[in-house]
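Q: compute the structure for the input listed below.
(chains A and B)
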2 protein chains.
Amino acid sequence: MGERLKVLISNDDGIYAEGIQTLAEWLSKKYDVYVFAPDRERSAMGHALTLHKPLRVDEIEYDAPVVAAYSVTGTPSDCVKIALNAILDFTPDIVVSGINHGPNLGIDVLYSGTVSAALEGAINGVPSIAVSLVNGFEKHADFNPTAEFICGYIPRVLEAGLPPKTIVNVNTPAVTLKEIAAIKVTELGHRMYTDTYERRVDPRGQVYYWLAGEIMDEHEADGTDVQTIRDNMVSVTPIQFDMTNTQVLNDETCRAKLNVDGSVHAILG
Amino acid sequence: MGERLKVLISNDDGIYAEGIQTLAEWLSKKYDVYVFAPDRERSAMGHALTLHKPLRVDEIEYDAPVVAAYSVTGTPSDCVKIALNAILDFTPDIVVSGINHGPNLGIDVLYSGTVSAALEGAINGVPSIAVSLVNGFEKHADFNPTAEFICGYIPRVLEAGLPPKTIVNVNTPAVTLKEIAAIKVTELGHRMYTDTYERRVDPRGQVYYWLAGEIMDEHEADGTDVQTIRDNMVSVTPIQFDMTNTQVLNDETCRAKLNVDGSVHAILG
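A: Got it, this is the predicted structure:
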């Protein structure tokens, strides 16, 4: 019997969220699990880092039989960064972030704390997975099928050998394992929101705004994460954090215009 | 005389920071400027959004002769999103985020509030520029050359016609306009940090950690933003927010492994 893989898990819903606890339960059956997660809900944090305040890292008792669990007073990115650079005295085999309570599809990934924790793993050279259950925000959502799936999928991701600067972003549909039609490697869809703000007046007569965006239920192409979830399949999207648009870099016309004649003085003209 | 362009400006250093005020001064000479910026410093926020709290938007007096200036109790992304979706009754011609007090090169862009505000512009379909002065964190940094450059560069960016989901990320070196060697269209460099955490003990005997990462001064290839700045040139990097790694999508071997046989049951084994 070989040595067990060491898995670092994190999330953005907070260390006591059901999604990460169910994940910890399942992964502990096969792997040595270390939990580093925010002490409270930190969703829609994007890839935020705490620079101007101290971070506290407290080892806590945890329901799941993990090796150790640490509550961190920071963002999801903080959790993974501090685990890898200050607390753990070894490099884990993989980082898994989730299970998020709700989807991270299309444009969502840009705002997602769950995805950012996985990206932080990749920035530190560790293979990483972000995982989300699309109906996870519902009161009686069952995280067990997703956790069981990820438990089996970890060796496959390691074997696939993702290129540098790349993670996989997994979304699972709201069905039992038996009902999942297939696994599909996908690209990010559009998934645009209406971005409505509700304008309200507070008890002291002052105006405030609250973001109330709704998803525009537009057509999405086959092969996108959004359509794949609609088809009751597991969506696996390879995501990279090098955001250079190489298309523009190689487009001579666009490049020439941006570059002008390479001289600042032509622009000031 | 044609109509003046309408420019929305934002930042992550806060609405009273010198970088955005100098930018507002220069742009107001040629354009109609609308300021929507955080009420306080919000750097390293990544692409965070405020979902669980109300936002306040207060029109303020501003030193520069802008059309209007609004202080927002949110993140840089919040500022641009609420301006475009709730406050302005027109769509600006361009969003400019900055001038950031310090560089946004390589991996920085992932954590940068300045870049995220520009990305939010592009998400809403408006051409957008992020701009940073690499020595802008120094006490006597001069933001004027950068502001003057951007004032002249705006029409060039509009004329270049960036593809959807793409912004330009501009970094300017710490020299006068005369000393700038050239403008160069670049790709993101590596610019990795050591990610050291200082472990300290507080006055009550409790441990805390503080991120103290330093830049690893590694070799960077010609054509990267990092090297271009070292060569005293203005770096202009096209950045896209669609993070799909199409290389993996098109790599049959990697794809096959991630996809297994497309069935969940093979994975549960």
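
Q: is chain B contacted by the helix or strand containing A:Ala130?
A: Secondary structure from DSSP states H and E places A:Ala130 in strand A:128-133. No - using C-beta under 8 Å from any C-beta of the partner chain, we find that strand A:128-133 stays clear of chain B, coming within 10.6 Å at best. For every residue, glycine as well, the C-beta is placed using N, CA and C.

Q: kindly report the same for stretch A:175-182.
A: Yes - residues of stretch A:175-182 contacting chain B under C-beta under 8 Å from any C-beta: A:177, A:180, A:182.

Q: A:Val131 is in contact with A:Thr172, correct?
A: Yes - the pair A:Thr172 / A:Val131 is scored as a contact, 7.2 Å apart, by C-beta atoms under 8 Å.

Q: joint contacts of the two?
A: Here A:Thr172 and A:Val131 have A:Thr146 as joint contacts, going by C-beta atoms under 8 Å, 6 or more residues apart in numbering or on different chains.

Q: check the offset of stretch A:262-269 from the chain's centre.
A: 42 Å (C-alpha atoms, centre = their mean, to the nearest Å).

Q: buried residues in that stretch, which are they?
A: For stretch A:262-269, a neighbour-count test (16 or more other C-beta atoms under 10 Å in any protein chain shown) marks A:264, A:267 as buried.

Q: what residues does it touch?
A: Applying C-beta under 8 Å, 6+ apart, the external contacts of stretch A:262-269 come out as A:260, B:148-149, B:152-153, B:156, B:177, B:180, B:182-184, B:234.

Q: quick one on the thing from earlier: the strand holding A:Ala130 pairs with which strands?
A: When pairs are called by DSSP bridges, strand A:128-133 turns out to pair with strand A:94-101 (parallel), strand A:166-172 (parallel).

Q: for the residues of stretch A:175-182 next to chain B, give me a markdown table that also has secondary structure and neighbour count.
A: Below are these laid out as a markdown table (DSSP: H, G, I helix; E, B strand; the rest coil; neighbours: other C-beta atoms under 10 Å in any protein chain shown):
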| residue | secondary structure | neighbour count |
| --- | --- | --- |
| A:Leu177 | helix | 17 |
| A:Ile180 | coil | 19 |
| A:Ala182 | coil | 15 |
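
Q: just put the residues you listed in JSON lines and tack on pLDDT.
A: Below are these laid out as JSON lines (pLDDT from 0 to 100):
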{"residue": "A:Leu177", "pLDDT": "89"}
{"residue": "A:Ile180", "pLDDT": "90"}
{"residue": "A:Ala182", "pLDDT": "91"}
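
Q: which single one of those is nearest to A:Leu23?
A: A:Leu177 (15.1 Å; C-beta to C-beta).

Q: quick one: contacts for the closest one?
A: Here A:Leu177 is in contact with A:145, A:148-149, B:264-265, B:268 (C-beta under 8 Å, 6+ apart).

Q: can you do 10 Å?
A: Listed by C-beta atoms under 10 Å, 6 or more residues apart in numbering or on different chains, the contact set of A:Leu177 reads A:144-146, A:148-149, A:152, A:234, B:264-265, B:267-268.

Q: quick one: is stretch A:19-37 near chain B?
A: No - Stretch A:19-37 is not in contact with chain B by C-beta under 10 Å from any C-beta of the partner chain; minimum separation 11.2 Å.

Q: figure out how far stretch A:124-141 is from the centre of its chain.
A: 7 Å.

Q: CA atoms only: put that stretch into CSV for me.
A: C-alpha atoms of stretch A:124-141 as CSV (Å, rounded to 0.1, in the frame of the first residue of the first chain):
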residue,chain,number,x,y,z
ASN,A,124,2.7,28.2,-6.0
GLY,A,125,3.3,25.3,-8.5
VAL,A,126,0.8,22.8,-7.0
PRO,A,127,-1.8,21.1,-9.2
SER,A,128,-5.2,22.5,-8.3
ILE,A,129,-8.9,21.9,-8.7
ALA,A,130,-11.9,24.3,-8.0
VAL,A,131,-15.2,22.5,-7.6
SER,A,132,-18.7,23.8,-7.4
LEU,A,133,-22.2,22.3,-7.0
VAL,A,134,-24.6,24.3,-9.1
ASN,A,135,-27.6,24.0,-6.8
GLY,A,136,-25.3,24.2,-3.7
PHE,A,137,-27.0,27.4,-2.4
GLU,A,138,-30.3,25.5,-1.9
LYS,A,139,-31.1,24.6,1.7
HIS,A,140,-31.2,20.8,1.2
ALA,A,141,-28.5,20.5,-1.5
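
Q: buried ones in it, by neighbour count?
A: Neighbour-count burial for stretch A:124-141 flags A:124, A:126-134, A:136, A:141 (criterion: 16+ other C-beta under 10 Å).

Q: same check on stretch A:40-52?
A: In stretch A:40-52, counting by 16+ other C-beta under 10 Å, buried: A:41-50.

Q: tell me where chain A has helices.
A: Using DSSP state H, the helices of chain A run over A:18-30, A:76-82, A:108-111, A:113-123, A:144-160, A:225-230, A:246-249, A:252-259, A:264-268.

Q: now render those as CSV, adding distance to A:Asp93.
A: Output for these, formatted as CSV (distance: least, C-beta to C-beta, whole Å):
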stretch, distance to A:Asp93
helix A:18-30, 12
helix A:76-82, 14
helix A:108-111, 23
helix A:113-123, 11
helix A:144-160, 7
helix A:225-230, 26
helix A:246-249, 31
helix A:252-259, 41
helix A:264-268, 49
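
Q: any idea which of the ones you listed has the lowest pLDDT on average?
A: Among those, helix A:264-268 has the lowest mean pLDDT, at a mean of 79.

Q: what's the distance between A:Leu51 and A:Thr246?
A: Per C-beta to C-beta, to the nearest Å, A:Leu51 is found 30 Å from A:Thr246.

Q: what about the contacts of stretch A:262-269, which one has the most neighbours?
A: Taking other C-beta atoms under 10 Å in any protein chain shown as the neighbour criterion, B:Val234 ranks highest of the contacts of stretch A:262-269 with 29 neighbours.
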